[in-house]
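Peer 1: prediction below, plus the sequence it came from.
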Amino acid sequence: MYKDIKVLVVDDEKIVRDFFKRLLSLLGMDNMFAENGYKAIELVKNERFDLFFIDVRMPGLNGLDTYREIRKINPEAASVMITGYAVEEILEQAKREGVYSAIRKPFDINQIKDVIESRVIGLMEKVRGGEKNVFGKRSQEQNSYLR
């Protein structure tokens, strides 16, 4: 369904990485994983990703700092912060800096799918000559493409 979309999930919890691995694989997406921000940055230096899911609170480099470093290397990819904590200030700062969305743990699978669909639509519009990172209303053609 989404075979041309490449996703990197950055989370220090193995159970979260395993959850995303199952979900993204079921959706047919190419996916990779990093257990911390430093490993994520190394992967981004060598691979091109369309979408990032980044945990806010991780040992070492936190999610916001990881996002900032990733954005320097791959500024066009959409990033989604994921968190199980009340970190409103960090999430607001992340959104001001360009993070596309935030998802709270425990995850709602439909919320994750909506974020993925929005990113696919943005990529389709970009390929068709639309503005960069446009996430507007879906046309009927786009809705049928996503099913």
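Peer 2: All right, it came through fine.
Peer 1: ok, residues contacting stretch 29-40?
Peer 2: 2-12, 14, 17, 20-21, 24-25, 42-43, 47, 49, 52, 54, 58-63, 65-66, 69-70, 116 (Cβ atoms under 8 Å, 6 or more residues apart in numbering). Heads up, the C-betas are built off the backbone N, CA and C, glycines and all.
Peer 1: again but with stretch 3-18, I slipped
Peer 2: Looking at what lies outside stretch 3-18 - Cβ under 8 Å, 6+ apart - the contacts are 20-21, 24, 28-37, 39-40, 43-44, 47-55, 58-59, 63, 66, 82, 105, 116, 119-120, 123.
Peer 1: which parts of that stretch are buried?
Peer 2: I5, K6, V7, L8, V9, V10, D11, D12, V16, R17 (16 or more other Cβ atoms under 10 Å).
Peer 1: might you list the low-confidence residue ranges for this structure?
Peer 2: Applying pLDDT under 70 to the chain flags the ranges 1, 86, 120-121, 123-147.
Peer 1: what are the boundaries of the strands in it?
Peer 2: Secondary structure of the chain (DSSP state E): strands at 6-10, 30-34, 51-55, 78-83, 101-104.
Peer 1: among those strands, show me which one is buried the most.
Peer 2: Greatest average neighbour count among the strands of the chain goes to strand 51-55 (a mean of 26), per mean count of other Cβ atoms under 10 Å.
Peer 1: run me through the strand neighbours of that one, direction for each.
Peer 2: Paired strands of strand 51-55, with direction, are strand 6-10 (parallel), strand 78-83 (parallel) (DSSP bridges).
Peer 1: can you check what angle separates that strand from strand 30-34?
Peer 2: With axes from the mean of the first three to the mean of the last three Cα atoms, to 10 degrees applied, the angle from strand 51-55 to strand 30-34 works out at 30 degrees.
Peer 1: got the contact list for strand 51-55?
Peer 2: Residues outside strand 51-55 that contact it (Cβ under 8 Å, 6+ apart) are 5-13, 16, 20, 37, 40, 63, 66-67, 70, 77-83, 103, 115-116, 119.
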